[in-house]
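S.K.: everything below, folded, please.
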Amino acid sequence: MIISPCISVCKMDEDTGFCEGCSRSSKEKILWKDKNTTDEWKTTNLIVIQKRMNTSILKNFKESYEFKIKNGISLIKKKKLDEQK
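M.R.: Numbers count the residues shown, from 1 in each chain. Predicted coordinates:
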């Protein structure tokens, strides 16, 4: 199973139409949730979205996404939960 690239930022950029956290379009977000979407498409989409990111966004995305893969929660979401304690 390939983990969703959502890193809990979820704000659409009005100019580009891409999420400011994961750089996916609304259509791509829907496809990620579709049970018929293949792992091949998801793997390709991960490459595509990272090419959309500038250097600083890419760095933050990779750090949070890798944390999410290892821990089941994005780094950003974990920090938000820790702040609520």
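S.K.: remind me, longest helix of this structure?
M.R.: helix 55-71 (DSSP state H).
S.K.: what does the helix or strand containing Leu81 rub up against?
M.R.: Secondary structure from DSSP states H and E places Leu81 in helix 75-84. Here helix 75-84 makes contact (Cβ atoms under 8 Å, 6 or more residues apart in numbering) with Ile7, Ser8, Val9, Gly21, Glu63, Ser64, Phe67, Lys68, Asn71, Ile73. From N, CA and C alone the C-beta is placed, and that goes for glycine too.
S.K.: tell me which residues of that helix come out buried.
M.R.: Leu75, Ile76, Lys77, Lys78 (16 or more other Cβ atoms under 10 Å).
S.K.: circling back: mind checking which of the contacts of helix 75-84 are buried?
M.R.: Ile7, Ser8, Val9, Gly21, Ser64, Phe67, Lys68.
S.K.: now do the lowest-mean-pLDDT helix or strand in the chain and helix 55-71, the angle between them.
M.R.: Across the helices and strands of the chain, the lowest-confidence element by mean pLDDT, DSSP states H and E is helix 75-84, at a mean of 89. Angle between the axes of helix 75-84 and helix 55-71 is 80 degrees (criterion: axes from the mean of the first three to the mean of the last three Cα atoms, to 10 degrees).
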